[in-house]
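K.L.:
Fold the stuff below for me.
(one chain, ligands or ions: 1)
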Amino acid sequence: MFNKILIANRGEIALRIQRACREMGIPTVAVHSTADAEAMHVRFADESVCIGPPPARDSYLNIPAILAAATITGADAIHPGYGFLSENASFAEMVEAHGLTFIGPSPAHMRMMGDKIAAKQSMGALGVPLVPGSDGEVATLDEARKIADEVGYPVLIKATAGGGGRGMKVANDPSELEEAWHVARTEAKSAFGNDAVYLEKYLDKPRHVELQVLADAHGNVVHLGERDCSMQRRHQKVLEEAGSPAITPEVRDQLGATATAALAKIGYRNAGTLEFLYQDGKFAFIEMNTRLQVEHPITEAICGLDLVREQIRIAAGHALGYTQSDIKFRGHAIECRINAEDPETFLPTPGTVEAFHAPGGLGVRVDSALYAGCKVPPYYDSLVAKLVVYAPTRLEAIARLRRSLEEFAVVGISTTVPLHQRIVAEPDFIAGDYTIHWLEKFVNRTR
Ligand code: ADP
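P.N.:
Model (predicted):
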């Protein structure tokens, strides 16, 4: 097992990883920017190292500074969390080149899945169903027109290097294609430094259903069930459920069997999430994330595993020690992503938190790095808390969510708690009847 783990992240996820390490008896090193000197993840760490000024590119993305911090503190492994360097294959290679362990998949698999075209091609070749669209990169507008005519409008132009819903544009008919093409490429170039795009049929009423998997270095692969992340705004997740209100145990087993067989074939290792769109009883793969997901706690709630602990054990070469039939799903879990944003305009609301009260009680988990007096800096992602509720049934989980949101108090900055309160009161949500387009319409209708 590792002697010391450096956590190359901040906020709630850095704390989350520290908690798992502490329970495993592994000391941790926090890294932080100058803006985060007083942050909770620094206060709670066994050791901490300042790695640069506030902008992420100078600190949390500063590879030499992070590797130096690991070397001077004697850490022998690095956990990247999510975001920042978590899907950077070159970083994983450099970590390994320094004789340290990267807690995640192999750089080759990160590279394969980080390129969405390569990911679709590899999964397609292994029998995983795909969203219809181009076979690979679409290099010219003429080619895009041809493929769009074949698959039928509306179509989606997507960045090969995409993430966080950026570099993605819809063309509803041929007249919108040229603009969508240029906008997607420009956005992709500025966000990812890579303007390669591909084309997919734009599905009109899918749910976003994703499958959590764990794989060890000994060829064992299991899935931990699905999460439904259809509650989205601008292609970004807002609220997630485990399991999906739209999936039966039979469908889950079938999807799980296809996905785990594919990953076993390529020798995938560590945690991963396969994302699908689910419409008319059919799954279509869109991408795989080779890291811990923000919404992992809802999976932990229904299957009773600590995913960070599993990631660390796998990276240390341990075998899973359980098989698919040992994994039992119990109850229902829901997560609300609480962002430091205005709940109406969605503009970020950085500032000082004057008071903070997290809900509690049976089946309630709050992962947050907020405390009274802390500053939410303007430089990073606006997620400040995850409210996770768990109950034996979905309706009980919704009742628990509603009362937990009432108890949630953040004074000093606006958050998206009121948005979640409105969502959980909606009959469509209570019925579990919503697709990836529902929230956008709801927000526009009720504005
Ligand atoms: P990112 O990596 O930027 O998150 P994804 O490929 O995971 O991009 O897609 C993010 C979201 O965009 C999906 O959850 C879904 O809501 C929407 N989306 C992606 N592809 C399609 C599609 N072909 N049709 C309809 N919606 C899509």
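
K.L.:
Please name the nearest non-neighbouring residue to the residue in the stretch 1-150 of the chain that the ligand sits nearest to.
P.N.:
When distances are taken as C-beta to the nearest ligand atom, the stretch 1-150 of the chain reaches nearest to the ligand at residue 131, 4.6 Å away. Bear in mind the C-beta positions are built from the backbone N, C-alpha and C, glycine included. Take residue 131 and drop its neighbours on the chain: the residue closest to it by C-beta to C-beta, 6 or more residues apart in numbering is residue 284, 4.1 Å away.

K.L.:
which ones are touching the one you found?
P.N.:
129, 130, 131, 132, 203, 206, 276, 277, 278 (C-beta atoms under 8 Å, 6 or more residues apart in numbering).

K.L.:
re the thing from before, now that the residue of the stretch 1-150 of the chain closest to the ligand has come up, it's in contact with residue 287, right?
P.N.:
No - Residue 131 lies out of contact with residue 287 (C-beta atoms under 8 Å); the separation is 10.0 Å.

K.L.:
could you point out which element follows the longest strand along the chain?
P.N.:
Determined from DSSP state E, the single longest strand within the chain is strand 221-233. Of the helices and strands lying after strand 221-233 in sequence (DSSP states H and E), the nearest is strand 236-242.

K.L.:
Just the mean pLDDT for that next one, thanks.
P.N.:
Rounded to a whole number, the mean pLDDT of strand 236-242 is 97.

K.L.:
For that strand, which strands pair with it and how are they oriented?
P.N.:
Based on DSSP bridges, the pairing partners of strand 236-242 within the sheet are strand 221-233 (antiparallel), strand 332-339 (antiparallel).

K.L.:
all strands for the stretch 201-350 of the chain, in order.
P.N.:
All strands of the stretch 201-350 of the chain, identified by DSSP state E, counting those that start in this stretch, fall at 207-215, 221-233, 236-242, 270-279, 282-289, 332-339.

K.L.:
In CSV, list those along with distance to residue 16.
P.N.:
Shown next, in CSV, are the strands of the stretch 201-350 of the chain (distance: least, C-beta to C-beta, whole Å):
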stretch, distance to residue 16
strand 207-215, 16
strand 221-233, 17
strand 236-242, 16
strand 270-279, 13
strand 282-289, 17
strand 332-339, 13
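
K.L.:
To residue 84, which of the ones you listed lies closest?
P.N.:
Of all the strands of the stretch 201-350 of the chain, it is strand 282-289 that lies closest to residue 84, at 13.7 Å by C-beta to C-beta.

K.L.:
now that closest one: how far from the chain's centre is it?
P.N.:
Distance, stretch centre to chain centre, for strand 282-289: 14 Å (C-alpha atoms, centre = their mean, to the nearest Å).

K.L.:
Does it reach the ligand?
P.N.:
Yes - in this structure, strand 282-289 sits against the ligand according to C-beta under 6 Å from any ligand atom; the contacting residues are 286, 287.

K.L.:
May I have that strand as CSV, with CA atoms only?
P.N.:
In CSV, the C-alpha atoms belonging to strand 282-289 read as follows (Å, rounded to 0.1, in the frame of the first residue of the first chain):
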residue,chain,number,x,y,z
LYS,A,282,-32.0,1.4,-26.9
PHE,A,283,-28.6,2.4,-25.5
ALA,A,284,-26.1,4.4,-27.6
PHE,A,285,-22.5,5.0,-26.3
ILE,A,286,-21.3,8.6,-26.3
GLU,A,287,-18.1,8.7,-24.3
MET,A,288,-16.1,7.2,-21.4
ASN,A,289,-14.7,9.1,-18.5
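
K.L.:
Please point out which parts of it sit buried.
P.N.:
Applying a neighbour-count criterion of 16 or more other C-beta atoms under 10 Å, the buried positions in strand 282-289 are 283, 284, 285, 286, 287, 288, 289.

K.L.:
can you pull the contacts of the fourth one?
P.N.:
The reference is to residue 286. With contacts defined as C-beta under 8 Å, 6+ apart, residue 286 is in contact with 116, 120, 131, 200, 275, 276, 277.

K.L.:
so how far is residue 330 from the residue nearest the centre of the chain?
P.N.:
The central residue of the chain, meaning the one whose C-alpha is nearest the mean C-alpha position (C-alpha atoms, centre = their mean), is residue 293 at 3.4 Å. Between residue 293 and residue 330 the computed distance is 20 Å (C-beta to C-beta, to the nearest Å).

K.L.:
now residue 115
P.N.:
For residue 115, the distance to residue 330 under the criterion C-beta to C-beta works out to 37 Å.

K.L.:
more crowded one of the two?
P.N.:
Per other C-beta atoms under 10 Å, whichever of residue 115 and residue 330 has more neighbours is residue 115, with 19 against 11.

K.L.:
Now, of the contacts of residue 284, which are buried?
P.N.:
When those are checked against 16+ other C-beta under 10 Å, the ones flagged as buried are 130, 131, 203, 206, 276, 277, 278.

K.L.:
and this structure, which of its residues are near the ligand?
P.N.:
Taking C-beta under 6 Å from any ligand atom as the criterion, the contact residues of the chain with the ligand come out as 131, 156, 162-165, 200-203, 206, 208, 232, 235, 275, 277, 286-287, 436.

K.L.:
Name the nearest residue to residue 267, ignoring sequence neighbours.
P.N.:
In space, not counting the residues next to it along the chain, residue 267 is nearest to residue 219; the distance is 7.5 Å by C-beta to C-beta, 6+ apart.

K.L.:
My guess is that neighbour contacts residue 265. True?
P.N.:
No - between residue 219 and residue 265 there is no contact, the gap being 10.2 Å when judged by C-beta under 8 Å.

K.L.:
Which one's more surrounded, these two?
P.N.:
When neighbours are counted by other C-beta under 10 Å, residue 265 comes out ahead of the other of residue 219 and residue 265, with 13 against 10.

K.L.:
State the distance from the more buried one to residue 127.
P.N.:
9 Å.

K.L.:
before we move on, what about residue 66?
P.N.:
Using C-beta to C-beta, we find residue 66 at a distance of 38 Å from residue 127.

K.L.:
Just the CA atoms of stretch 410-427, as PDB, please.
P.N.:
Once non-C-alpha atoms are left out, stretch 410-427 reads as follows in PDB (Å, rounded to 0.1, in the frame of the first residue of the first chain):
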ATOM      1  CA  VAL A 410     -25.600  29.300   2.800                       C
ATOM      2  CA  VAL A 411     -25.500  33.000   3.700                       C
ATOM      3  CA  GLY A 412     -23.300  35.600   1.900                       C
ATOM      4  CA  ILE A 413     -23.400  34.100  -1.600                       C
ATOM      5  CA  SER A 414     -26.200  32.900  -3.800                       C
ATOM      6  CA  THR A 415     -26.400  29.200  -4.700                       C
ATOM      7  CA  THR A 416     -28.500  27.000  -6.800                       C
ATOM      8  CA  VAL A 417     -30.400  25.500  -3.800                       C
ATOM      9  CA  PRO A 418     -33.600  27.400  -4.900                       C
ATOM     10  CA  LEU A 419     -33.400  25.900  -8.400                       C
ATOM     11  CA  HIS A 420     -33.300  22.400  -6.900                       C
ATOM     12  CA  GLN A 421     -36.200  23.200  -4.600                       C
ATOM     13  CA  ARG A 422     -38.200  24.100  -7.700                       C
ATOM     14  CA  ILE A 423     -37.100  20.900  -9.600                       C
ATOM     15  CA  VAL A 424     -38.100  18.500  -6.800                       C
ATOM     16  CA  ALA A 425     -41.600  20.000  -6.600                       C
ATOM     17  CA  GLU A 426     -42.300  19.400 -10.200                       C
ATOM     18  CA  PRO A 427     -44.700  16.500 -11.100                       C
END
